[in-house]
Every structure is written in structure tokens, then in C-alpha cells.
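**Student:** Structure here, sequence nowhere to be found:
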């Protein structure tokens, strides 16, 4: 198996950097690999790891609309980390992305039984500048097998960057801090079995 | 409800790293802040009357009277932020700004920002960026400095 770091380094050296030079852009999602420091007098900002969660996938359905709306249900998953533990409710939601980036809603269940809603907005991009092939047309007859060729490749196969800006709705009680905290997230794609690991940070 | 048992995976220890890259700073000038008591909560209205943007990612101006803050003050006194306004980059391009986030009594004021920029233009990267911001207000609430960071 090819090491991910090697691919990333290659992409930065040849792919993304080349793109940047070509377009002459000041900054680019694909090219931004080294963080730019803020001005010295900027307000303090800090990221603190809150929790991680895995979401397992099986079905992938895409409507052949202008926006290419998808339905990718969460078959389940786990939540672990310093500030939240529990599980992802099986089929409690899906990614309904259409048009602009990821747009998933899931229901989480904390280990104390509390139900927490998450809307997971964000993007997933290949860092090599190539496009993942679009799926063939959806089956037209009931009983046909949905085409799943738009499955996102794993990080080990192509360099990906997935970042999330989630919003949570938690019940009053020990989890209510999630209702008034801004989060930012990282997503990592894996296969065998098909899943994504999301890592969420509190923006302090 | 369907049953599911998460399979054992080797990726639970993978704590994906996120870096914050400074993008730009926006100094907004606001008009008087109004709060209307509605059945949803306290609807804020604070018109944006101008402002400047500077930094490595974007330079330009806030288009005067193009919107403002429309947050909602909840029962627990936290303000669910909602702001929208138009800006103009130094090349003349229009860029739409949208903020969500939280403004709390303890001074916490953090934002998730969304943008619309011309797809073929030099600021197209803003359309896909995961951007967060800090906000610092003057005591009279008429001037707010937003510092934007791209999550990379």
C-alpha cells in the first residue's frame, strides 16, 4: 500500500502547487497547506478536541437532478472522546448533499440516553485536483440495484481534505454546552468497512 | 429502529488534525442595535453601515446598508447569530457573507462563516472554505472586528 504522506507530499509538490502557480491565486482551498499566522493583535483562538465519531455507510443513492442530490444513510456508528460518548442512531439520518458540499443530518445518542441532533455541513475535496467519476444514471426499474460508483475513495487511495462546520441541538442538561459552542471538524475516509471518522474541535 | 453493531475498526485512534490559517480581518460598522420580543425569542436587528476588509486572503469593503445582524436571543440569553451582508473586493467583485454562531454573556463570540463568490474569479476558494471567526466588539456595539481563519 502506498503511504498517504508520500502521496500528499507529491500532490503538494506537483499538483496543488502547480495549480496555484497557474491561477496566480493569493490563496486556494487546494493550495493552503501551511497555516498563515494571524496578526499579533488578533483575539485569542484555540481548538480543543471534543470527541470523535465513526459513521458506517452502505447504500448510496443519487437523484439525477441539476444539483445531484444524494441520499447516503448512516447505518450506525460510535462516539468517543473527552466530551461525548455514545452511538450514532442506525438509520437516524443521512447525507442529503445536493449542489454545495456535504449536508448531513444525523441523530446521536449519548451514553446517558440523551438524543443529540447534528447537522454536518462541509466539503470534501481531492487534493490532487482530479475529479472522482460521477455515477452512472440511477436505476429506473424497481428492484434494480442502485449504482454506488460515487462512493468516496479512502484517504489511503487519494489525498482528500474533508472539513466540517457542524451545528448541534442537545437537550438541556449535561450536553447543553453543545448548543452554544462553535465547532470545526475533520473527516477521514476509510473502506473495509466503508466508514468516515469525524473529529470535532471546540472553537475556543 | 434498525439494529446495528459497529464493527471493530483500527481507525478510532486517528485524531484528524485541523490547522487554522489566518485569512483576513473585517472591521464592521453597525447602526443602533434593536431587539424585538417575538414568540421565537429576541430578534436582533443591527444594520451594517460600512466596514473594511484586509488580509492575505481578501481586501475590500463592506457595501454600506447591505444587511446586518439578525440574531435570535434564546431563553438562555445566548444569541444564535445570523448575519448577512455584501462586500466588494478590491477587484470590484461582489462577495456575499453569511455568519452563524454564538454570542454568549461570558464574552464568547465565535462564528462559522459562509461565502458566495464568483465561481470563475480569484475568490472562488471562499465558496468551499470551512471558515471560522472570532468577533470583538466595542462597548457601544457599533464596531466589531471579525478575524477569519480557514480550517485547513
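**Tutor:** The structure has been received and is ready for your questions. Remember, it's a predicted structure, so these values are computed and weren't measured experimentally.
**Student:** Now do the strands in the chain.
**Tutor:** No chain was given, so I picked chain A. A:47-57, A:61-62, A:70-80, A:86-88, A:94-95, A:102-110, A:115-126, A:160-169, A:183-190, A:195-203 (DSSP state E).
**Student:** wait, chain B
**Tutor:** Secondary structure of chain B (DSSP E): strands located at B:20-30, B:34-38, B:41-54, B:60-62, B:68-69, B:72-73, B:79-89, B:94-103, B:109-116, B:131-137, B:143-151.
**Student:** partners of the fourth one, with directions?
**Tutor:** In this case it means strand B:60-62. strand B:41-54 (antiparallel), strand B:79-89 (antiparallel) (DSSP bridges).
**Student:** Could you export the ones you listed to a markdown table, including columns for mean pLDDT and mean neighbour count?
**Tutor:** Placement of C-beta: from N, CA and C, glycine included. Shown next, in a markdown table, are these (pLDDT from 0 to 100; neighbours: other Cβ atoms under 10 Å in any protein chain shown):
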| stretch | mean pLDDT | mean neighbour count |
| --- | --- | --- |
| strand B:41-54 | 97 | 18 |
| strand B:79-89 | 98 | 19 |
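**Student:** returning to that earlier point: do you know which of the strands of chain B lies nearest residue B:10?
**Tutor:** strand B:143-151 (25.5 Å; Cβ to Cβ).
**Student:** elements contacting that closest one?
**Tutor:** strand B:20-30, strand B:131-137 (3 or more Cβ pairs under 8 Å, 6 or more residues apart in numbering or on different chains; DSSP states H and E).
**Student:** relative to strand B:41-54, how tilted is the first one?
**Tutor:** Yep, that's strand B:20-30 we're talking about. Put simply, strand B:20-30 runs at 110 degrees to strand B:41-54, going by axes from the mean of the first three to the mean of the last three Cα atoms, to 10 degrees.
**Student:** now residue B:142: how far from residue B:95?
**Tutor:** Relative to residue B:95, residue B:142 is positioned 23 Å away (Cβ to Cβ, to the nearest Å).
**Student:** Worst mean pLDDT among the strands of chain A?
**Tutor:** Ranked by mean pLDDT, the strands of chain A end with strand A:61-62 at the bottom, a mean of 82.
**Student:** other SSEs contacting that one?
**Tutor:** strand A:70-80.
**Student:** And the pLDDT at residue A:147?
**Tutor:** At residue A:147, pLDDT is 61.
**Student:** same thing with residue A:10?
**Tutor:** 33.
**Student:** what about the residue lying farthest from the centre of chain A, distance to residue B:136?
**Tutor:** Within chain A, residue A:41 marks the point farthest from the mean C-alpha position, 32.2 Å out by Cα atoms, centre = their mean. Using Cβ to Cβ, residue A:41 is found at 10 Å from residue B:136.
**Student:** what's the answer for residue B:105, then?
**Tutor:** 15 Å.
**Student:** between these two, who's got more neighbours?
**Tutor:** Set residue B:105 next to residue B:136 and count neighbours by other Cβ atoms under 10 Å in any protein chain shown: residue B:136 wins out with 14 against 10.
**Student:** That one against residue B:109, yeah?
**Tutor:** Yes: Residue B:136 is within contact range of residue B:109, at 7.3 Å (criterion: Cβ atoms under 8 Å).
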